[in-house]
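Undergrad: would you be able to build a 3D model of this:
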Amino acid sequence: MAVRAYVEKNLGGGVRKVSWTGLTKATNDVGQWYQLESTGPRFNDKTVHVYGTFGTGGNLKMQGSNLDTPTDATNFQILDSANADMEFTAVAGKVAMQNPQFIRPAITAGDANTNLTCEMVIGR
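TA: Have a look, this model is predicted:
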């Protein structure tokens with residue numbers, strides 16, 4: 001499993017954009033955990049946009065954790081969007097319903113062609 005680092009950009013007005021690129025199935029990539037706020041999850045508005053090459057069966061799920069130090073293998077939950085797992089099997093944008101302390105994308109299915117970008121805009 002490869003961990004892809006995020007890039008954070010301050011858009012001003014309490015809004016930030018967090019991007020993970022090069023997420024592939026070849027190495028079962030996950031994004032580096034992004035801590036929504038060290039003093040507690042204060043970014044209650046989170047919109048996620050996923051795009052790129054999904055390949056055959058490509059799937060990306062957004063994961064969250066409230067543990068002080070989440071581990072890659074277990075201590076996370078799949079976030080919800082509109083009362084369903086927040087997963088992407090095609091280009092789409094979705095709003096996260098939960099507000100965990102840590103959040104990241106994870107490739108859960110696909111083929112050698114799967115190569116995705118996940119961008120999350122967060123605001124207070």
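Undergrad: state the phi and psi torsions of the residue most central in space within the chain.
TA: What sits nearest the mean C-alpha location of the chain, by Cα atoms, centre = their mean, is residue 105, with 2.8 Å. Torsion angles at residue 105 (phi, psi; degrees, to the nearest 10) stand at phi -90, psi 160.
Undergrad: that one is in contact with residue 23, isn't it?
TA: Yes: the criterion here is Cβ atoms under 8 Å, and residue 105 meets it with residue 23 at 6.2 Å. C-beta coordinates here come from the backbone N, C-alpha and C atoms, glycine included.
Undergrad: what's the overlap in contacts for those two?
TA: Shared contacts of residue 105 and residue 23 (Cβ atoms under 8 Å, 6 or more residues apart in numbering): 30, 31, 60, 116, 118.
Undergrad: any idea which element the fourth one lies in?
TA: Put plainly, it is residue 116. strand 115-123 (DSSP states H and E).
Undergrad: now that strand: buried residues?
TA: By 16 or more other Cβ atoms under 10 Å, the buried positions in strand 115-123 come out as 115, 116, 117, 118, 119, 120, 121, 122.
Undergrad: just list the residues touching the fourth one, thanks.
TA: Which is residue 118. By Cβ under 8 Å, 6+ apart, the residues touching residue 118 are 19, 20, 23, 31, 48, 49, 50, 60, 62, 105.
Undergrad: do that again at 10 Å, thanks
TA: 4, 6, 18-21, 23, 31, 48-52, 60, 62, 88, 104-107 (Cβ atoms under 10 Å, 6 or more residues apart in numbering).
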